[in-house]
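**Student:** Fold the following for me, if possible:
(chains A and B)
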Amino acid sequence: MATKEFLFAGFGGQGLLFSGKVLAYKGLIEEKNVSWLPSYGPEMRGGTANCSVIISDEPVGAPIVLNPDVLVAMNLPSLDKYEKAVRKGGIILVDSSLISRKVERDDVDVYYVTATRLADENGTGQLANMILMGKLLSVLDEYNEETVSAALEKCISARHADMLDYNRKAMETGRNYAG
Amino acid sequence: MKGNEAIAEAAIQAGCRHYFGYPITPQTEIAAYMAKRMPKIGGTFLQAESEIAAINMVYGVASAGKRVMTSSSSPGISLKSEGLSYLAGADLPALVVNAQRGGPGLGGIQPSQSDYFQATRGGGHGDYHMIVLAPSSVQEMAQLTIKGFELADEYRMTSMILADGTIGQMMEPVSFDFDIKEAPAKPWATTGTKMAREHNVINSLYLNPELLEKTNIERYKKYEIIAEKEALAEEYLTEDADIIIAAFGIAARVSRNAVNEARANGIKAGLIRPITLWPFPEKVFAKAAEHAKQIISVELSMGQMIEDVRLATQCRIPVSLCYRVGGMIPTPDQVYQAIVEASEKGGK
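**Tutor:** Residues are numbered from 1 along each chain as shown, chains lettered A, B, ... in the order given. Next up, the predicted model:
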């Protein structure tokens, strides 16, 4: 992996900034160069939210991701907005319990995950973001249990330590999701 | 760590134990970090009733000789400008952070660089400068904060970190392995005479015009020394470059991608990234103008730094502008297209 650019997009509150953070920390722990840039301000409080993550062997230049290698879309407006921007040969992950339409492009790899429904069913409510992250890392063949776990520990404060297992479980659910 | 948090942590490591501020997006993480940390290390965090109150509290602590800071974003810096002028008039060392957002007026909350004139020309009334430092990574947010405190103490003046919303909000790895110069002795500080010395007076009022003139001229002699010694820029692939990009902060990171793209396509492009905006790295630009054919100033403003680039190169080669404003950021592709256009034109 020379340089990979990720864009996470959806509603504020779906945990997109958090999943971006876990991915960036995982990269950092693996001694890559990383950057994480959120949308900020009122957007974070319920509007559309997105977050750019870059993981690279080289120092990161512009931190804003315009043409992602990987798009994780958690609502329809995000898919509408960014589908065309994904690089040819890139990957789109869709939360198909929230987005009913299919991706129109045929030059990218698309994975549909019913993440939000799975999260409800498995008692990991609200962790659809981490289910998608599990799936994403397994698709990229980057699911390293050790660094994933270390990244989660970095991103979840001691106060919420009880959430660690839920997050691990959600990521495992995504990892094992066939689709 | 977020850029804003890196500033706060670096300030604490530099020995700053007093922070006064008033919240404003996109720099509030600095205040939040200080609120959490200062009480634990015997410092002061105070959310003032306004920006103006905060900057005057900075004036107070600076007078007592302690490392002190405040932070804000564009509209808040305008409010603080009176205080900045008073700090300059009283020759007080302090650190002020401006995480710029789109203006004028309340503007927006997205990143901008349109306070360049305000920062590099002083901001408030009267003849004065601040040392203006422009970080372009989270690591530099930390590094230049420490440098800001050191320079402020060395020259008894205000240092400003001129950042923007992007660098403030983004997270990157940062190492805090710094060799920090402790604050020097400040025999001028108002620390109490203990009946053992004359009173120290910190003041910016001079009713005698001859004395005020003399004080201003002395201060400008100090500025000359700073301009000579402290100007700083990073050069990237400039040695054989025909087209040179001038950009600081976030614009420099975008431009670096564009320069790489241009090089990959056989165009000899390079980048000069001013790290100090005041003093402006004039010599680096003057030297570049000897061999380069054109300069493109890439800014998140309608063209402010471009004036300093033209002054530094004495308009010997064409200088053009590539910009986005209002919270928008130029894309690497936009900058690359500007390079291609310039390369087709040829220049000089």
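**Student:** For chain A, what lies in contact range of chain B?
**Tutor:** A:21, A:24, A:28, A:33-38, A:40-42, A:60-64, A:66 (Cβ under 8 Å from any Cβ of the partner chain). Using the backbone N, CA and C atoms, a C-beta is placed for each residue, glycine as well.
**Student:** for residue B:238, what are its contacts?
**Tutor:** By Cβ atoms under 8 Å, 6 or more residues apart in numbering or on different chains, the residues touching residue B:238 are B:244, B:270-272, B:288, B:292.
**Student:** what residues are up against the residue nearest to it when sequence neighbours are not counted?
**Tutor:** Nearest non-adjacent residue to residue B:238, counting by Cβ to Cβ, 6 or more residues apart in numbering or on different chains: residue B:270, 3.6 Å away. Under the criterion of Cβ under 8 Å, 6+ apart, the neighbours of residue B:270 are B:235-241, B:243-245, B:259, B:288, B:292.
**Student:** picking up where we left off before, please narrow the contacts of residue B:238 to those residing in strands.
**Tutor:** Among the contacts of residue B:238, the ones falling in strands (DSSP state E) are B:244, B:270-272.
**Student:** and which of those residues is nearest chain A?
**Tutor:** residue B:271 (10.5 Å; Cβ to the nearest Cβ).
**Student:** Could you check how many residues crowd around the closest one?
**Tutor:** By other Cβ atoms under 10 Å in any protein chain shown, the residues close to residue B:271 number 26.
**Student:** now do residue B:220
**Tutor:** The number of residues near residue B:220, taken as other Cβ under 10 Å, comes to 12.
**Student:** Quick check on it: phi, psi?
**Tutor:** As for residue B:220, its main-chain torsions (degrees, to the nearest 10) stand at phi -70, psi -30.
**Student:** and if you look at residue B:98?
**Tutor:** Per degrees, to the nearest 10, the backbone of residue B:98 is at phi -120, psi 110.
**Student:** So the residue lying closest to it once chain neighbours are set aside versus residue B:90, what's the distance?
**Tutor:** Excluding the flanking residues, the one nearest residue B:98 by Cβ to Cβ, 6+ apart is residue B:77, at 4.8 Å. As judged by Cβ to Cβ, to the nearest Å, residue B:77 and residue B:90 stand 19 Å apart.
**Student:** give me every residue that touches residue 38.
**Tutor:** Picking chain A for this. A:17, A:20, A:44, A:49-51, B:169-170.
**Student:** Sorry, I should have been clearer: chain B.
**Tutor:** B:12, B:17, B:19, B:44-45.
**Student:** Which of these are buried? Put it as a PyMOL command.
**Tutor:** Buried members of these, defined by 16 or more other Cβ atoms under 10 Å in any protein chain shown, are picked up in PyMOL with:
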select buried, chain B and resi 12+17+19+45
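**Student:** Now flag whichever of the contacts of residue B:38 is closest to residue B:277.
**Tutor:** residue B:19 (23.5 Å; Cβ to Cβ).
**Student:** hang on, the closest one in a strand?
**Tutor:** Yes: applying DSSP: H, G, I helix; E, B strand; the rest coil, one finds residue B:19 inside a strand.
**Student:** Now it: closest residue in space that isn't a chain neighbour?
**Tutor:** residue B:34 (4.1 Å).
**Student:** Flag every buried residue along the one helix or strand the one you found maps to.
**Tutor:** Residue B:34 belongs to helix B:28-37 when assigned by DSSP states H and E. Neighbour-count burial for helix B:28-37 flags B:28-31, B:33-34, B:37 (criterion: 16+ other Cβ under 10 Å).
**Student:** can you tell me the helix or strand for residue B:218?
**Tutor:** Going by DSSP H and E, residue B:218 is part of helix B:209-230.
**Student:** Tell me where chain B has helices.
**Tutor:** Ranges of helices in chain B, per DSSP state H, are B:3-13, B:28-37, B:51-63, B:74-89, B:116-120, B:138-155, B:165-169, B:209-230, B:249-264, B:282-291, B:305-313, B:332-345.
**Student:** Return the most buried member of those.
**Tutor:** helix B:165-169 (a mean of 29; mean count of other Cβ atoms under 10 Å in any protein chain shown).
**Student:** Run through who's touching stretch B:59-70.
**Tutor:** Against stretch B:59-70 from outside (Cβ under 8 Å, 6+ apart): B:11, B:14-21, B:54-55, B:57-58, B:80, B:83, B:86-87, B:90, B:92-97, B:149, B:153, B:183, B:186, B:188-191, B:202.
**Student:** Next up, the contacts around the residue lying closest to residue B:275 once chain neighbours are set aside.
**Tutor:** Once flanking residues are discounted, residue B:275 sits nearest to residue B:232: 4.2 Å by Cβ to Cβ, 6+ apart. Listed by Cβ under 8 Å, 6+ apart, the contact partners of residue B:232 are B:274-276, B:281.
**Student:** try residue A:143
**Tutor:** Contacts of residue A:143 (Cβ under 8 Å, 6+ apart): A:134, A:137, A:175.
**Student:** where's it relative to residue A:173, distance?
**Tutor:** From residue A:143 over to residue A:173 (counting by Cβ to Cβ), the distance is 12 Å.
**Student:** Name all residues that sit in contact with those two at the same time.
**Tutor:** Common neighbours of residue A:143 and residue A:173 (Cβ under 8 Å, 6+ apart) are residue A:134.
**Student:** Strands of chain A, residue ranges please.
**Tutor:** A:3-11, A:33-38, A:48-56, A:70-73, A:91-95, A:109-113.
**Student:** by contact count, what packs against the helix holding residue B:218?
**Tutor:** Packing contacts for helix B:209-230, counted by 3 or more Cβ pairs under 8 Å, 6 or more residues apart in numbering or on different chains; DSSP states H and E, involve helix B:138-155.
**Student:** count of residues packed around residue A:88?
**Tutor:** Residue A:88: 8 neighbours (other Cβ under 10 Å).
**Student:** I'd say it and residue A:109 touch.
**Tutor:** No: taking Cβ atoms under 8 Å as the definition, residue A:88 is not a contact partner of residue A:109, at 10.9 Å.
**Student:** per-residue pLDDT, the residue nearest to residue B:238?
**Tutor:** Looking at residue B:270, its pLDDT is 98.
**Student:** and what of the one 5 residues further on?
**Tutor:** Confidence per residue is given as pLDDT, and for residue B:275 that number is 98.
**Student:** ok, now how distant is the residue nearest to residue B:275 from chain A?
**Tutor:** 19 Å (Cβ to the nearest Cβ, to the nearest Å).
**Student:** now residue B:135
**Tutor:** 13 Å.
**Student:** Rebuild the contacts of residue A:143 as TSV, extending it with neighbour count.
**Tutor:** Shown next, in TSV, are these (neighbours: other Cβ atoms under 10 Å in any protein chain shown):
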residue	neighbour count
A:134	27
A:137	20
A:175	18
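**Student:** need those in a markdown table with pLDDT, can you?
**Tutor:** Formatted as a markdown table, the contacts of residue A:143 follow (pLDDT from 0 to 100):
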| residue | pLDDT |
| --- | --- |
| A:134 | 96 |
| A:137 | 97 |
| A:175 | 95 |
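**Student:** Keep only those of those residues that are in helices.
**Tutor:** Short answer: the contacts of residue A:143 in helices (DSSP H) are A:134, A:137, A:175.
**Student:** okay, now residue 129: neighbour count?
**Tutor:** If you meant another chain, say so; for now it's chain A. 28.
**Student:** should've been chain B
**Tutor:** 22.
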